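J.: sequence first, then the predicted structure, then my questions.
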Amino acid sequence: MTEKKRVVVVGSGIGGLTAAVKLSQTQKYDVQVYERLSFAGGRFTQHDHDGYAVPTGAVHMVPHGMKGPFAKMMFGKMSKGGLDLGRHGLEFLPSMKFACRNIDGVHQGSDGPMEIMRWFPFKDTFNLPRLLLARAKKPGGPDETLDGETWMRKRFSDPFVDFLDAFINFAASVRFHQMPASTTVRMIQNCFWSDRPHVPKGGCKSVIDALRKDLKQYGGKLKLSHEITEIISGDEEAATKGHRFAVGIRRRGREDATWIGADAIIHNGGHPNLLDTLSDDFHIAQDIRDRINNTQAAGGIGFVFGLDDEIPHRDSGVTMLPGLSRVGGYVIPTFSDPSLAPKGRHMMITHQYVPKSDIKAEIQRGREELHSALPWLEKHGEEVAVHSYHRNWPCNRTPQGSELPGDVGVEGIRLVGDGVKGHGWMMIEGVTSNVPDALQGIAASLRN
Ligand SMILES: Cc1cc2nc3c(=O)[nH]c(=O)nc-3n(C[C@H](O)[C@H](O)[C@H](O)COP(=O)(O)OP(=O)(O)OC[C@H]3O[C@@H](n4cnc5c(N)ncnc54)[C@H](O)[C@@H]3O)c2cc1C
């Protein structure tokens, strides 16, 4: 019997775990996932806080519901490229509205994309086909000069653009003017042609738990509190000769790294992290290094509020707050899944982009905006947590529209995760849409 080739997965975010499970299901490889934190899931899981399922990042939303790449991957039959995780009881619950907005203190909800158009001048419905049929399947490339805001404002009314801009702020931690026009257009097209957002039953962690169960069932291994610190050529260490790579792994609390051999690596820790750990024996072209070094992480701030059941807002639709300078919107996922908060209570999660580096001042600005846009918050809400995402934390390392290559030119290494989202696909939809490509590259490198 020949030994199975070993694939090491660096990081157990949604990208790393999805790729690891998919590889394990083929039963062709020895799959080992290493996670530096003491929990799996990265920015797509949660911790219990007095009965509130406080997320590590994601606001418990599957952006494109049952029609997007994420649901197709999680629930699709294995013969069709999916993971078939319904076997482990994974379920997504629809949000009660396609989208909502709060305008001058009035809450409005829509059941579908066309219903949204009723909120805006007729000019916007008239011009909508120009947006939905615009050629945007591919990124505009380096020559693209137009930003999303300029493209949108030329064609649509300010209220419509402000609404969508608030949505992009909420969903991607950037504003239209920070994205290329082709990305903006493609993202909106994907939203209009997709399902309403869904909430994983039991929260994001239920997805991670289902992935972990399947990984185990198919013989893959996940080690928590183990950080990959170095990647060198397999020939350099006696223990790893015959493998393409020697991977240095440090267990939390221990000084020394140990080496294990790997024939391929799937990296879920972000491009800068890969550059830091990869030895100079492996060549990465200077233009790719420059792009990685010059790409600035998108930051975000999220408040988690516990709410009583007397709140005037009674649905789980993502609610945009157009016109605010920082906060994009909020969601109350407990109207779809009450188990995410203590009995009789609700949980509301907000999101805002971070244009300035003074994070404390930005948090305060967001808090003030929220209380002024939602006067009922004072009486019915209590702040449970505030999250901030900035500096080089891997998640959202690469802003939407500035994605980096999944293949940096090193045979046997592919990146997955936020940094390599598919064009125009946001959040976990984007992360998942890119996984099949990465796995194809890995499989091809293992045949060589
Ligand atoms: C505030 C916020 C709200 C969001 N809301 C949503 C939402 O509702 N819906 C949605 O679809 N998306 C949402 N997103 C985006 C979504 O959370 C991310 O797209 C997704 O979780 C990123 O997954 P990833 O695969 O890039 O991995 P990450 O979550 O970035 O995880 C990477 C993992 O790799 C580990 N790692 C890194 N380096 C090493 C190393 N050297 N050795 C070992 N381990 C390492 C890290 O510890 C981490 O666990 C949100 C993001 C944020 C910040």
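T.: On my side now, so go ahead. Numbers count the residues shown, from 1 in each chain.
J.: from now on I want contacts and neighbour counts done on CA atoms only, so please keep to that.
T.: Fine.
J.: what about residue 163, which helix or strand?
T.: Taking DSSP states H and E as the criterion, residue 163 maps to helix 158-172.
J.: does that helix come close to the ligand?
T.: No: Helix 158-172 is not in contact with the ligand by CA under 6 Å from any ligand atom; minimum separation 6.6 Å.
J.: hmm, who's touching that helix?
T.: Here helix 158-172 makes contact (CA atoms under 8 Å, 6 or more residues apart in numbering) with 101, 120, 124, 149, 152-153, 174-176, 320-323, 327-330, 350-353, 399-400, 426-427.
J.: all helices for this structure, in order.
T.: Assigned by DSSP state H, the helices in the chain fall at 14-26, 69-75, 113-116, 122-132, 148-155, 158-172, 181-192, 204-217, 271-277, 286-294, 359-373, 377-380, 427-447.
J.: could you export the third one as CSV, CA atoms only?
T.: Going back to what we said before, that points to helix 113-116. The C-alpha atoms that make up helix 113-116 are tabulated as CSV, following Å, rounded to 0.1, in the frame of the first residue of the first chain:
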residue,chain,number,x,y,z
PRO,A,113,-35.5,42.7,-4.3
MET,A,114,-38.1,44.3,-6.5
GLU,A,115,-40.1,45.3,-3.5
ILE,A,116,-37.2,47.4,-2.4
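J.: who touches that helix?
T.: With contact meaning CA under 8 Å, 6+ apart, helix 113-116 is reached by 98-99, 110, 192.
J.: distance of residue 255 relative to the ligand?
T.: Distance, residue 255 to the ligand, using CA to the nearest ligand atom, to the nearest Å: 15 Å.
J.: where does that residue land on pLDDT?
T.: If you check residue 255, the pLDDT there is 81.
J.: next one: residue 136
T.: 86.
J.: give me the distance between it and residue 168.
T.: In this view, residue 136 and residue 168 are 17 Å apart by CA to CA, to the nearest Å.
J.: for residue 148, which non-adjacent residue is closest in space?
T.: residue 181 (3.8 Å; CA to CA, 6 or more residues apart in numbering).
J.: burial measure for the one you found, as a count.
T.: With neighbours defined by other CA atoms under 10 Å, the count for residue 181 comes to 24.
J.: still on that earlier bit, the contacts of helix 158-172 also near the ligand: which ones?
T.: residue 427.
J.: of the contacts of helix 158-172, buried ones?
T.: Buried members of those, counted by 16 or more other CA atoms under 10 Å: 101, 120, 124, 149, 152, 174-176, 320-323, 327-330, 350-353, 399-400, 426-427.
J.: any regions of the protein where pLDDT drops low?
T.: By pLDDT under 70, the low-scoring segments of the chain are 1-2, 142-143, 391-397.
J.: and it, which residues reach the ligand?
T.: Near the ligand, when you scan the chain using CA under 6 Å from any ligand atom, you find 10-16, 34-37, 41-44, 57-63, 226-229, 268-269, 300, 302, 394-395, 417-418, 427-428.
J.: now with 5 Å?
T.: For the chain, the contact set with the ligand under CA under 5 Å from any ligand atom comprises 11-15, 35-36, 42-44, 57-62, 227-228, 269, 394-395, 417-418, 427-428.
J.: among those residues, which lie within strands?
T.: Among the residues of the chain next to the ligand, the members falling in strands (DSSP state E) are 227-228.
J.: residues in contact with residue 84?
T.: Neighbours of residue 84 in contact, by CA under 8 Å, 6+ apart: 73-78.
J.: please repeat the previous calculation with a cut-off of 7 Å.
T.: Residues near residue 84 by CA atoms under 7 Å, 6 or more residues apart in numbering: 74-78.
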